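>>> Pasting the sequence and the predicted coordinates here, then a few questions.
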Amino acid sequence: TYQKPLIDYYGHAKLSFHAIKMAFQSTLAGSYNVDLVYGPEDKIEPVIMHLGNETEVNLLVTIKKLDGDVIEQKKYKNIRLNEGRTSTVLDGFRPRIQEGYFVLHYQIMENR
């Protein structure tokens, strides 16, 4: 066998390129619950995984429809991330959405 490249023959990045690029960030946010389906009583609990120096960040969680329309946003401010390899679970929130398919977008921003 051979190792498949992360870029195709035409110079386009494959999905694995983007997955590896994302995974090797020093700070990464996502859902603490790994389920893909949320029920009406479930909360979205963000988690921030961090590797590096102590820092302070803000997190914006955006819920979008598949066409990109924003349904709801939740902003977490002044989140202290300790030095080293840490994970910080934030308070969960129950979104005001109905049945359907949605995208959760987590954006970490420097606290300035």
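Good, I have the coordinates.
>>> now what about the worst-scoring helix or strand of the chain on mean pLDDT, what contacts it?
When each helix and strand of the chain is scored by mean pLDDT, DSSP states H and E, helix 15-23 comes last, with a mean of 82. Residues from elsewhere that reach helix 15-23 (CB atoms under 8 Å, 6 or more residues apart in numbering): 4, 6-7, 28. Glycine gets a C-beta too; all of them are placed from N, C-alpha and C.
>>> swap in stretch 33-49?
27-32, 57, 59, 61, 74, 76, 79, 81, 86-95, 104, 106, 108.
>>> Can I have the buried ones of those as a PyMOL selection?
Here is the PyMOL command that selects the buried residues among the contacts of stretch 33-49 (16 or more other CB atoms under 10 Å):
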select buried, resi 27+28+29+31+57+59+61+74+76+79+81+88+90+95+106+108
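>>> among the contacts of stretch 33-49, which are in strands?
27-31, 57, 59, 61, 74, 76, 79, 81, 86-89, 104, 106, 108 (DSSP state E).
>>> returning to that earlier point: tilt between the least confident helix or strand of the chain and strand 27-31?
Using axes from the mean of the first three to the mean of the last three CA atoms, to 10 degrees, the inter-axis angle of helix 15-23 relative to strand 27-31 is 110 degrees.
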